[in-house]
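Visitor: When you get a sec, could you give me coordinates for this:
(one chain, ligands or ions: 3)
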Amino acid sequence: MAAALTENGELLAWLRDVVELCKPDDVYICDGSDSEYRRLCELLVKNRTFTRLNEELRPDCFLARSHPSDVARVEDRTYISTTSQDDAGPTNNWAEADVMKLKIARIFLRSMEGRTMYVIPFSMGPVGSPFSRIGIQVTDSPYVVVNMRIMTRMGSDVLEALGKEGSFIPCLHSVGKPLSPLQGDVPWPCEEDPKHKYIVHFPEDPSIWSYGSGYGGNALLGKKCLALRIASAIAHKEGWLAEHMLILALTSPEGKKHYIAGAFPSACGKTNLAMMKPTLPGWKVTCLGDDIAWMRFGADGRLYAMNPETGFFGVAPGTSYESNPNAMDTFTHNSIFTNVALTDEGDVWWEEMGVPAPAHAIDWQGKDWTPEASSKAAHPNSRFTAPAEQCPAIDPDWQNPNGVPISAILFGGRRPSTVPLVNEAFDWEHGVFMGSAAGSETTAAALGQAGVLRRDPFAMLPFCGYNMGDYFAHWLSMADKTKSDKLPRIFTVNWFRKDESGRWLWPGYGENSRVLKWIFERVEGTGEAVDTPIGRLPSPEAIDLSGSDVPRADLERILAVDVEAWTKEAEAIGTYYDTFGDRLPSALRDQLGALRARLEAAG
Ligand code: GTP
Ligand code: SPV
Ligand code: MN
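Guide: Ligands and ions are numbered 1, 2, ... in the order given. This is a model prediction of the structure:
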């Protein structure tokens, strides 16, 4: 079968083993062509996984409804499997590698019976770039194939780049629903019991085994599994960074451009910030990536960031022409929607889409829905999959294999209180402290309760493929790789402050350009900042509110440092730090001590 298509011995041997284990009916090697994509979309329509949307309203677009149990990442079923538990660290689910290998192989046994096994050669990063990584995903889900086609560079040219001797990361995926000859298929096959899903990473191989889910980060293995969990472990060894970050370019009215990277937890605003339309006249944002950044130092001593993906897998609810017009103009065609509502005209709809709710729709569970219904029409974690090249705000350098030089790094999250609108670190080490101590309210992007405050260091809690204490040390060590004036400046931002009644204190979205402007000015050396116990903050006058209706009192409130609340925050950080034992770098303990001392002096 595959012999004609690849001469890579390692790949052939692995595919033979997988066929032997999973027993698919058929094997298909993906070439990545347009015609193949179209064929598979038609197959998905025939299988009832896809509904074709109205060709006039949304050409070449499809809607998929997942099984109600399969709507988000499953963090408690996600494993980092290493020889020693210390290498996975206290923030990861760990399983002893040898034990898990036996267990997972048994789980995959006969898992693809009655199904076609698709082989997806893909490259994270431009094909052939020395910084890119090749993965081979084997999957029994055509839904995964068509999504991977949008999200990654996939197909024959990747196999060619792999050649006879090249190495790849094996990524095995099954929805975990073998079919007997007499059995009909369901529109969204998956393992329905969340406790029987397994998203397993072996960073020592490296390899990925994902069983039981067809959804997003559980199933599109190039994304969270390879480009974050496995890549972060590789980057740790090789001296670079694989991060859960957007990459944007900010151009001033004078035409000066700075590149900014930002780590916000899942569903906390990366896609929106990455392609925002600034409300400040003359300022321009162009997008290089909305979820993942691979970063390394260039010959000039600056930190360069590259987006290894080619598409956006973005949160649908809340996306409107008001909040994110560039996203709206990206998924006008050639896009896949998962778990949104279907209107009677054959278009998509979701909550806060900026158009009136349809009088009748089919909700994400396939049921009749009217605006009077108590349930949501679209799942809170419903998503669009759209090609990045269709984004009107895409930056001309988005596929530059060397990446772009980063001037500022932002850490964000949902913090209804305490954390100010923006805060600049005193220096790199203080910035790493800020990243390590970041917290956010949980969202619908992972199964489990939403709205619970948890520590999410560097927005990498679900995505760090090794010991988080070592990850902190790795970030600290970046300062040794270059001169301090070449390092990006580090900031925290928080668009999510609320007052006592739950009202947003900051309008967010395009208005965040007012904060980006101040960051730009700080990088340029012109912006004014006030030293506070927690970092350098703008005075209210330093934030350009021209043309906005943000009440001055609200701005003052979200730029104030509440010493009492921060003293409690410092305590919570200390308790969190204790969970890392002696893997916590002493520099971070010292940073916490210094914060406490500054707070005490101020209090
Ligand atoms: P992942 O794809 O899960 O990694 O999420 P993300 O970080 O890209 O988040 P995204 O930009 O998709 O935003 C998630 C949700 O937050 C959406 O419902 C947005 O409408 C909302 N959101 C984004 N930016 C802002 C903001 O500035 N203010 C407020 N209030 N909400 C925002
Ligand atoms: C996230 O949860 O951070 C996402 C969506 O970007 S998923 O690909 O499902 O992980
Ligand atoms: Mn994400």
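
Visitor: ok, so what distance separates Asp31 from ligand 1?
Guide: The gap separating Asp31 from ligand 1 is 29 Å, by C-beta to the nearest ligand atom, to the nearest Å. Just so you know, the C-beta spots here come from the backbone N, C-alpha and C atoms, and that holds for glycine as well.

Visitor: okay, the spatially most central residue of the chain: pLDDT?
Guide: For the chain, Asp291 is the residue whose C-alpha lies nearest the centre (C-alpha atoms, centre = their mean; 3.9 Å). With respect to pLDDT, Asp291 has a value of 98.

Visitor: give me phi/psi at the residue in the stretch 51-200 of the chain that ligand 2 sits nearest to?
Guide: In the stretch 51-200 of the chain, the residue that lies nearest ligand 2 is Arg73 (4.8 Å; C-beta to the nearest ligand atom). With angles defined as degrees, to the nearest 10, Arg73 sits at phi -60, psi 150.

Visitor: follow-up on the earlier one: run a quick neighbour tally on the residue nearest to the residue nearest to the centre of the chain when sequence neighbours are not counted.
Guide: Nearest non-adjacent residue to Asp291, counting by C-beta to C-beta, 6 or more residues apart in numbering: Lys270, 6.1 Å away. For Lys270, the neighbour count with other C-beta atoms under 10 Å is 28.

Visitor: for Pro170, phi and psi?
Guide: When quoted as degrees, to the nearest 10, the phi and psi of Pro170 stand at phi -70, psi 130.

Visitor: Likewise for Ile409?
Guide: Torsion angles, degrees, to the nearest 10, at Ile409: phi -120, psi 130.

Visitor: What residues are bridge-paired with it?
Guide: Assessed by DSSP bridges, Ile409 has beta-bridge partners Ala261, Ile490.

Visitor: One more: Ile134?
Guide: Ser123.

Visitor: Repeat that for the one 5 residues further on.
Guide: Beta-bridge pairing of Thr139, defined through DSSP bridges, involves Tyr118, His173.

Visitor: distance of it from Trp209?
Guide: To Trp209, Thr139 is 12 Å away according to C-beta to C-beta, to the nearest Å.

Visitor: try His333
Guide: In terms of C-beta to C-beta, His333 sits 35 Å off from Trp209.

Visitor: Find me the pLDDT at the one residue in the stretch 351-500 of the chain that gets nearest to ligand 2, would you?
Guide: Of all residues in the stretch 351-500 of the chain, the one sitting closest to ligand 2 is Ala445 (3.6 Å; C-beta to the nearest ligand atom). Predicted confidence (pLDDT) for Ala445: 95.

Visitor: Let the chain start at 222 from now.
Guide: Yep, numbering from 222; the last one is Ala666 now.

Visitor: residues contacting the residue nearest to it when sequence neighbours are not counted?
Guide: Nearest residue to Ala666 in three dimensions, chain neighbours excluded: Ser487, at 3.4 Å (C-beta to C-beta, 6+ apart). Applying C-beta atoms under 8 Å, 6 or more residues apart in numbering to Ser487 gives the contacts Arg294, Thr664, Ala666, Ala667, Ala680, Pro683.

Visitor: tell me which parts of the stretch 622-771 of the chain are close to ligand 2?
Guide: Of all the residues in the stretch 622-771 of the chain, those in contact range of ligand 2 (C-beta under 6 Å from any ligand atom) are Ala666.

Visitor: circling back to that earlier point, for the residue of the stretch 572-721 of the chain closest to ligand 2, what are its contacts?
Guide: Counting by C-beta under 8 Å, 6+ apart, Ala666 touches Ala293, Arg294, Pro486, Ser487, Ala488, Val536, Asn602.

Visitor: which other residues reach the strand or helix carrying Trp235?
Guide: Using DSSP states H and E, Trp235 sits in helix 230-243. Helix 230-243 has contacts (C-beta under 8 Å, 6+ apart) with 223-224, 227, 248, 326, 329-334, 338, 340, 357, 359, 361, 383, 385, 388-389, 391, 393, 395.

Visitor: and it, average pLDDT?
Guide: Mean per-residue pLDDT for helix 230-243: 98.

Visitor: And that helix, what's buried?
Guide: Of the residues in helix 230-243, those with enough neighbours to count as buried (16 or more other C-beta atoms under 10 Å) are Glu231, Leu232, Trp235, Leu236, Val239, Val240, Leu242, Cys243.

Visitor: The residues you listed: which two are farthest apart?
Guide: Within those, Glu231 and Cys243 form the most distant pair, 18.3 Å apart (C-beta to C-beta).

Visitor: Backbone dihedrals for Gly532, please?
Guide: Here Gly532 shows phi and psi, under degrees, to the nearest 10, equal to phi -150, psi 180.

Visitor: What separation do you get for it and Thr747?
Guide: Gly532 is 37 Å from Thr747, where distance means C-beta to C-beta.

Visitor: More neighbours: these two, which one.
Guide: Set side by side, Gly532 and Thr747 show more neighbours around Gly532, with 27 against 9, by other C-beta under 10 Å.

Visitor: What distance do you get for that one to ligand 2?
Guide: Taking C-beta to the nearest ligand atom, one finds Gly532 at 11 Å from ligand 2.

Visitor: So what pairs up with that residue in the strands?
Guide: Those that pair with Gly532 in a beta bridge, by DSSP bridges, are Pro608.

Visitor: Could you give the number of residues near the residue of the stretch 222-371 of the chain found nearest ligand 1?
Guide: Residue nearest to ligand 1 within the stretch 222-371 of the chain (C-beta to the nearest ligand atom): Arg294, separated by 8.8 Å. When neighbours are counted by other C-beta under 10 Å, Arg294 registers 23.

Visitor: what's across from it in the sheet?
Guide: As for beta bridges, Arg294 partners with Ala667 under DSSP bridges.

Visitor: what do you get for Leu524?
Guide: Taking DSSP bridges as the rule, Leu524 bridges to Phe518.
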